[in-house]
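Novice: After the sequence you'll find the predicted model.
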Amino acid sequence: MRRSRPVTQPPDAAEAEHANLTVGETFAGRFRVEEELGAALGGGFRGVDSTSGRKVVLVPVVAERERTLAPLLGLAHAHLAPLVALEPYGERFVAVAETVEGETLAERLEAIGKKPAVD
């Protein structure tokens, strides 16, 4: 019987802080860190791509995640935020995704109301 490889868990917020991104910093020559988003994204940040002016989300990831995320670069889908770049940052990578403006899930659920469960 073939054994599968163990699945590594994503870094928790405490590990993500070791990426050392700081508000006001510019890295990879083009991404400026504007605001910390907190632990909800494992220590994500809001930023700006200085070459295009577009708003981005910056999420530090462990090196193993780079292999998983790399095929998503350039993928376009109506229900996914485009992954703009994967930039090396120390011993980690930073996943850079385009910001999607709009209402939050909580706002949407409040607007449409709770739907009954489906069996």
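Specialist: All right, it came through fine. If you're wondering where the values come from, they're calculated on a predicted model, not measured in any experiment. Numbers count the residues shown, from 1 in each chain.
Novice: Okay, now the unreliable bits of this structure?
Specialist: Flagging of the chain using pLDDT under 70 yields the residue ranges 1-19, 39-42.
Novice: all helices of it, in order?
Specialist: In the chain, the segments counted as helices under DSSP state H are 13-16, 63-69, 105-112.
Novice: looking at the ones you listed, which is buried most?
Specialist: Mean neighbours per residue, mean count of other CB atoms under 10 Å, is largest over the helices of the chain for helix 13-16, with a mean of 14. Just so you know, the C-beta spots here come from the backbone N, C-alpha and C atoms, and that holds for glycine as well.
Novice: coming back round to it: with distance to Glu36 as new columns, can the helices of the chain be given to me in a markdown table?
Specialist: Shown next, in a markdown table, are those (distance: least, CB to CB, whole Å):
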| stretch | distance to Glu36 |
| --- | --- |
| helix 13-16 | 11 |
| helix 63-69 | 20 |
| helix 105-112 | 20 |
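Novice: Of those, which is nearest Thr99?
Specialist: Each of the helices of the chain has some distance to Thr99 by CB to CB; the shortest is helix 105-112, at 15.7 Å.
Novice: List of residues touching that closest one?
Specialist: By CB atoms under 8 Å, 6 or more residues apart in numbering, the residues outside helix 105-112 that reach it are Glu103.
Novice: separation between the spatially most central residue of the chain and Gly90?
Specialist: Closest residue to the average C-alpha location of the chain: Val59 at 4.0 Å, with CA atoms, centre = their mean. Separation of Val59 from Gly90 (CB to CB, to the nearest Å): 15 Å.
Novice: Right, I'll leave it there.
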